[in-house]
Structures are given as C-alpha cells and as structure tokens.
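>>> 3D, please:
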Amino acid sequence: MDGGPVTELVATPEWRSPASGQRDYTALLPRAPIGALEVLPVLRFAGQPISPRMSEGPSAVSGPASRSAAPAPPSPVWGWSTKFVATMTATVGRQNVGEGPDGLRIDWLIEEGRFAGPEIKAVVLPGAVDFMRIRRDGLAIVDVRACLETADGARIYAAYGGALDLGPDGYARALRGQFATMPPLVVTPTFETSDARLRWLNRVRCFGVGRVDTHALTYVFDVYAAEVGQRADGGRAAGPQQTKLSESLPQNR
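Got it, this is the predicted structure:
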C-alpha cells in the first residue's frame, strides 16, 4: 500500500473447471484502500515460491520505481442527494444571561417565525428560544427548541443545533453588545410530529445554511434533507453522484 511494507496473503482454491482443469483462487484484499494498492500473485510448489515476490529482484512491484509514483488523491466514496424542504425566517429578542465558565450566554426569544416550503407551511408558536453560548474564540453555539403549527392545526416539534461564526474577536465584541454583520449560520434541524400527513419529517436528516442580520435581529436559513446514495465508482469518483431521495420525502408538485 503506497509503497509501504509488504503484506502476504494466502489465496484458497475455490473451483476447478471439469473441462479445462482451470482452478480459481480467492484472497481477501484490504477494503476500500486509501492510496495505491499494488498486488503481485506469487506461485508456490511444494511450499517453495516459483515466481518473484514483491521484495525480490529488480522487477519487484513495490520497489523504488513504484514508490516514486504519486498516490491518487482521496475521493468521495458515497454518492449523496439533497432536497429543499423549507426556509426558516425568524425575528428574535435578546435576553442577556451573562458570562459563565463555558462562555457568554444569551437567550434569543423568537418573537415571530415562519417555516415555509413546497410541502409545508407553518408558523413558530410563542415560547421558542435559542439558548446560545458564545465561546471565547468567537464561535456561537446555537441550541434552539421550537414548536411549529400549520394552518390546519398540525404541530411539529423542531430542534436544531449548530454554529454562528462571529469572527475571531466575536467574544470581546459580544461582551460590548456588538456583533459582526450578517455572520454565516449552519444548523442541523430535526423534527417530530404525530400528524400522519407530515410523518415523513420524522425520518429526514437535514442541514440548514443561512445568515443572521444582527442589526435587524432576524435570521433566515434554508433547510435541505440529505440522503446517502450508492457507492461511488470504486470510491474514486470525481465527485458525489447525485441520487434521488427515497419515497419517504414527498416530491415537489
């Protein structure tokens, strides 16, 4: 592997063709190798090798000439797909908690919010809060709990953690009540509901990307559902293969 130490594996006989007498042998090679894997069959008779091994002679595959070759760069192993679920928009009010041993804590009370997409339209009910903790390196850790309600009365429990990057000086500025303009927000929402029409939300695994307007005290992020697809070609595809989500997520009309 990548010109490293030689590992010898014993192949076992599997099948012999009655017509030709040809025999197949099987050896278990390393799975999904990262780097260049070189293989050289070695024939033995009465326990003695009758063909060169990797560590022998100028024709050794793992010799200096082979080691000089640059290994192939790692590539994604699995295909994946995403589907837009909804956009979350919220207006918040600030409630200072203060400094603690783990950083500066601020509770952001969600005063108004909407969650709207092709298959769902809901509002955020009163009582939703982001229990934010700002680390001393300027990264704000998001921790939101909310209840959503659709126009026909279906309720959805929503929770999402994530990070809001306020910059390297974000902690010192936050202590003064100052925040970076439009910092990026990345979250991982999960949903729970008993409504039969929306139970697909219980199974999807999502991520959200957006920004926060720290002057208007509003934030907007888009939510996408992600699903793992088929294995890419040998784990060395040029990029992720796009596959369709399963039927658990409704198709857009």
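
>>> list the contacts of the closest residue to Tyr224 other than its chain neighbours.
Closest residue in space to Tyr224, ignoring its immediate chain neighbours: Thr82 at 4.5 Å, by CB to CB, 6 or more residues apart in numbering. (Each C-beta comes from the backbone N, C-alpha and C, glycine too.) When contacts are counted by CB atoms under 8 Å, 6 or more residues apart in numbering, Thr82 touches Tyr224, Ala225, Ala226, Glu227.

>>> and Thr82, how far from Arg133?
29 Å (CB to CB, to the nearest Å).

>>> of the contacts of Thr82, which is the nearest to Leu28?
Distance from Leu28 was checked for each of the contacts of Thr82 by CB to CB. The minimum falls on Glu227, at 30.5 Å.

>>> helices or strands up against whatever helix or strand that closest one lives in?
Glu227 belongs to strand 218-231 when assigned by DSSP states H and E. With contacts defined as 3 or more CB pairs under 8 Å, 6 or more residues apart in numbering; DSSP states H and E, strand 218-231 has these neighbours: strand 78-100, strand 184-192, strand 205-213.

>>> the same query, at a cut-off of 10 Å, please.
Contact analysis of strand 218-231 by 3 or more CB pairs under 10 Å, 6 or more residues apart in numbering; DSSP states H and E lists strand 78-100, strand 103-116, strand 155-165, strand 184-192, strand 205-213 as its packing neighbours.

>>> pull the distance from it to the chain's centre.
Computed by CA atoms, centre = their mean, to the nearest Å, the chain-centroid distance of strand 218-231 equals 10 Å.

>>> in that strand, which residues are buried?
For strand 218-231, a neighbour-count test (16 or more other CB atoms under 10 Å) marks Thr218, Tyr219, Phe221, Val223, Tyr224, Ala225, Glu227 as buried.
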